[in-house]
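Peer 1: structural data only, the sequence is not supplied:
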DNA sequence: GGTTTGATGTCGATT
DNA sequence: AATCGACGTCAAACC
């Protein structure tokens, strides 16, 4: 298939569709199918979907997506593995698209009794600009202007290791007391507070009494439950928005 | 468009593509586009993608997905709102597909300078069998056979409310001591242990000394760090797999 | 509508 | 290559 070609196939027989699909995938193309199919997935959660007209996508990296008429996610979780198998079921005459590891488990199987449209084309792989407004952006902002967290704060390290995991920012307060900073780009929930508490406890054990660290949660906001938990654990909060662009 | 029809349009002009897309969406159809486009998203995290040949899907519910050649997720987060706007840019001649709330923020904008293929068809909305192997399935299993967690355990309530949130299963041990059970369908990590610890602490405060509750994490397994945290908090673990089918 | 949590996917670090 | 830990994102249940 030439690089720029877009191929389409209307109402092929399953045998013809199988050949079209196999050829295109072998050539590294991106393929879509429209037709009535059943979907069965045996991944982390098992799911079965009765026969209905759906839109399926097979990407050259082995990704298989089957979409219904609504929602952002496909009908099934994505199986591990990057192999796609395309065959015609001898008994039922169905076109069978199977994705996942060859071993029985963790498979996604779509069975088309009819294919009304098959398309194949190339899609560009392209470097994409890094997203902005991430936790990494928030970290940069805090490192550049630590006073946003509290006056006199001096960052000492990022990703400092503790037995409970790496802390986002390890710093020293104006009075010299160690401070653990946990960053969240979204409003922080109870999990974020527990995570910070784990880090503070682990660091306190690590320093074995030399100095007792404080913990500060830095996020654009906190949920009520998280706010209460902060108080319970004697942790602080500073409202900082992640920078956008 | 008749229910069963599948329409395709090759290399339309932007004006023609706009009409095709608008007509199909107005009729509740599912539409796909293949062509070179830029993608800009201003949702929670901002992203920009330079012009490249991509595969776009517009669902009748307002979902817009733009996919590259690999990976399960689209190139962009899905904006809030269910409005899709299709127009031709007077200055550049591009076909512009914009999704999200009409107000400027939180928008996804894809700009096609060429459309090589447009397709439109109906996709069935269909009830889907409930997935199995979920946390709800694990809960059923534990309620039916509480001895899987520990001998003599008697479940008293599910979703029992505490100041920290609802506990999965509230139970009584053989000796009458209250037990908080936290269920995870996957191997449990540190977050699960912290969540359980929050519930146990909250319940202990709720019972204010009448009885001191124990906590049991029920999951197919625990990660090393979670195992250590369990010990730190004096919590127990029981290995139980969620039932599959 | 906001909050919370389950369910997934992805990535980086580590083994 | 597999595992683990953390982050990002979506969806559903419940006020």
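Peer 2: Perfect, I can see it now. Quick caveat, the model's predicted, so the values are computed rather than measured.

Peer 1: gap between the two ends of stretch A:109-128?
Peer 2: 32 Å (CA to CA, to the nearest Å).

Peer 1: isn't residue A:39 right next to residue A:46, touching?
Peer 2: No - Residue A:39 lies out of contact with residue A:46 (CB atoms under 8 Å); the separation is 11.4 Å. Where C-beta positions appear, they are placed from N, C-alpha and C, glycine not excepted.

Peer 1: more neighbours, these two?
Peer 2: A direct count of neighbours by other CB atoms under 10 Å in any protein chain shown for residue A:39 and residue A:46 places residue A:39 higher, at 24 against 19.

Peer 1: so how far is whichever strand or helix holds the more buried one from its chain's centroid?
Peer 2: Assigned by DSSP states H and E, residue A:39 belongs to strand A:30-42. Taking CA atoms, centre = their mean, to the nearest Å, one finds the center of strand A:30-42 at 22 Å from the center of the full chain.

Peer 1: one more: stretch A:119-134?
Peer 2: 15 Å.

Peer 1: state the mean pLDDT of that stretch.
Peer 2: Stretch A:119-134 shows an average pLDDT of 90 in the prediction.

Peer 1: run the contact check for it versus DNA strand C.
Peer 2: No - figure legend: stretch A:119-134 not in contact with DNA strand C (CB under 7 Å from any atom of the strand); closest approach 10.0 Å.

Peer 1: what residue ranges in chain A score low on pLDDT?
Peer 2: Residue ranges of chain A with pLDDT under 70: A:1-4.

Peer 1: what about the longest helix in it?
Peer 2: Counting residues, the longest helix found in chain A (DSSP state H) is helix A:190-206.

Peer 1: helices or strands up against that helix?
Peer 2: With contacts taken as 3 or more CB pairs under 8 Å, 6 or more residues apart in numbering or on different chains; DSSP states H and E, helix A:190-206 sits against strand A:154-162, strand A:165-172, strand A:178-183, strand A:214-219, helix A:224-233, helix B:190-206.

Peer 1: residue A:32 and residue B:35: what is the separation?
Peer 2: Distance from residue A:32 to residue B:35, counting by CB to CB, to the nearest Å: 14 Å.

Peer 1: how deep is the closest residue to residue A:170 other than its chain neighbours tucked in, by neighbour count?
Peer 2: Take residue A:170 and drop its neighbours on the chain: the residue closest to it by CB to CB, 6 or more residues apart in numbering or on different chains is residue A:160, 3.9 Å away. Each residue near residue A:160 was counted by other CB under 10 Å, and the total is 17.

Peer 1: now name the helix or strand holding the closest residue to residue A:124 other than its chain neighbours.
Peer 2: Closest residue in space to residue A:124, ignoring its immediate chain neighbours: residue B:52 at 3.8 Å, by CB to CB, 6+ apart. Applying DSSP H and E as the criterion places residue B:52 in strand B:46-58.

Peer 1: check contacts around residue A:47.
Peer 2: Contacts for residue A:47 (CB atoms under 8 Å, 6 or more residues apart in numbering or on different chains) come out as A:39, A:40, A:41, A:75, A:76, A:77, B:128, B:129, B:131, B:132.

Peer 1: drop anything exposed from those residues.
Peer 2: The neighbour-count criterion (16 or more other CB atoms under 10 Å in any protein chain shown) marks A:39, A:40, A:41, A:75, A:76, A:77, B:131, B:132 among the contacts of residue A:47 as buried.

Peer 1: now do the first one against residue B:119, distance only.
Peer 2: It refers to residue A:39. In terms of CB to CB, residue A:39 sits 20 Å off from residue B:119.

Peer 1: just the third one next, same as before
Peer 2: Counting by CB to CB, the gap from residue A:41 to residue B:119 is 25 Å.

Peer 1: tell me, how many residues neighbour residue A:236?
Peer 2: 16.

Peer 1: got phi/psi on it?
Peer 2: With angles defined as degrees, to the nearest 10, residue A:236 sits at phi -100, psi 170.

Peer 1: so what's the residue nearest to it when sequence neighbours are not counted bridging to?
Peer 2: Spatially, and ignoring its direct neighbours in sequence, residue A:236 is nearest to residue A:216 (4.5 Å; CB to CB, 6+ apart). Beta-bridge pairing for residue A:216 (DSSP bridges): residue A:181, residue A:236.

Peer 1: residue A:216 is in contact with residue A:181, isn't it?
Peer 2: Yes - taking CB under 8 Å as the definition, residue A:216 is a contact partner of residue A:181 at 5.2 Å.

Peer 1: which one of those two has more residues nearby?
Peer 2: A direct count of neighbours by other CB under 10 Å for residue A:216 and residue A:181 places residue A:181 higher, at 27 against 23.

Peer 1: what residues are up against the more buried one?
Peer 2: Listed by CB under 8 Å, 6+ apart, the contact set of residue A:181 reads A:142, A:149, A:155, A:167, A:168, A:169, A:170, A:171, A:215, A:216, A:218.

Peer 1: ok, residue A:60 next?
Peer 2: Contacts of residue A:60 by CB under 8 Å, 6+ apart are A:25, A:28, A:29, A:30, A:123, B:69, B:70.
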